[in-house]
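1. sequence plus the predicted model coming up.
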Amino acid sequence: MTASSVSTESRVLRKTVVGSRRLSNYWWATVILGGGLGFLLSSISSYLKVNLLPFSDPTQLVFIPQGLVMGFYGVAALLLATYLWLVILWDVGGGYNEFNRDTGMLTIFRWGFPGKNRKIEVTHRLEDVQAIRVQIKEGLNPKRSLYLRIKGRGDIPLTRVGQPMALAELETEGAELARFLGVPLEGL
């Protein structure tokens with residue numbers, strides 16, 4: 001490495017971690033909200049014998065048991081949709097991984113649920129990093145993750161929860177991080 005490449009080389013590596021603000025979560029929260037409203041309006045329509053839905057006529061339903069069960073499903077779906085929208089609003093699981101050569105520290109930050117422990121922040125010295133570990137598990141419940149191995153600590157996950165990363169993306173990100181930190185890449 002030449003002196004000029006060292007001076008222009010980035011001294012801070014920061015990776016954003018996508019939390020609950022994924023397109024799939026927006027999709028499911030919207031679908032469940034719409035379905036829950038449909039079921040609840042069907043239940044109310046069967047009770048009042050007034051059609052509240054433009055695309056069907058639930059006034060023909062007998063309130064007990066059909067309308068009552070539809071109301072139960074509607075309330076359950078609306079509660080689930082509310083939970084999903086709140087998780088999206090709070091961006092649970094979102095954050096960043098920052099590796100700073102200037103300060104010699106690494107910071108792993110994630111947002112949690114509201115409360116006194118909403119901010120989850122883990123800091124360690126870069127010199128305590130032993131390796132970057134890749135975990136690949138195929139099958140019905142595949143898992144592809146990157147972990148940070150720290151001296152005297154357990155492995156710390158670096159990747160998002162949920163849909164597994166593509167193998168090429170996982171290998172590239174793991175190799176880039178191992179190269180930046182100057183530690184081995186394990187598990188490949």
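-> Noted; the coordinates are in hand.
2. burial measure for the residue lying closest to Leu146 once chain neighbours are set aside, as a count.
-> Closest residue to Leu146 apart from its sequence neighbours, by Cβ to Cβ, 6 or more residues apart in numbering: Leu158 at 4.4 Å. Yep, even glycine has a C-beta here, placed from its N, CA and C like the rest. Other residues lying near Leu158 total 19 when counted by other Cβ atoms under 10 Å.
3. surely Leu158 meets Leu148?
-> Yes. Between Leu158 and Leu148 there is a contact at 5.7 Å, judged by Cβ atoms under 8 Å.
4. if I look at those two, which residues touch both of them?
-> Overlap of the contact sets of Leu158 and Leu148 (by Cβ atoms under 8 Å, 6 or more residues apart in numbering) consists of Ile108.
5. from the chain's centroid, how far away is the lengthiest helix in the chain?
-> Ordering each helix of the chain by length in residues (DSSP state H) puts helix 23-48 first. Distance, stretch centre to chain centre, for helix 23-48: 24 Å (Cα atoms, centre = their mean, to the nearest Å).
6. same check on stretch 51-60?
-> Counting by Cα atoms, centre = their mean, stretch 51-60 comes out at 38 Å from the chain centroid.
7. end to end on it, go ahead and measure it.
-> 9 Å (Cα to Cα, to the nearest Å).
8. need the nearest residue in space to Phe113, chain neighbours excluded.
-> Per Cβ to Cβ, 6+ apart, closest to Phe113 is Val92, 6.0 Å.
9. same check, this time on Pro164
-> Leaving out its chain neighbours, the residue that sits closest to Pro164 by Cβ to Cβ, 6+ apart is Arg144, at 4.1 Å.
10. looks like the one you found contacts Arg160 (just checking).
-> No. Here Arg144 lies out of contact with Arg160, judged by Cβ under 8 Å, at a distance of 10.7 Å.
11. show me where the protein dips below the pLDDT cut-off.
-> Counting by pLDDT under 70, the chain contains low-confidence residues at 1-9, 163.
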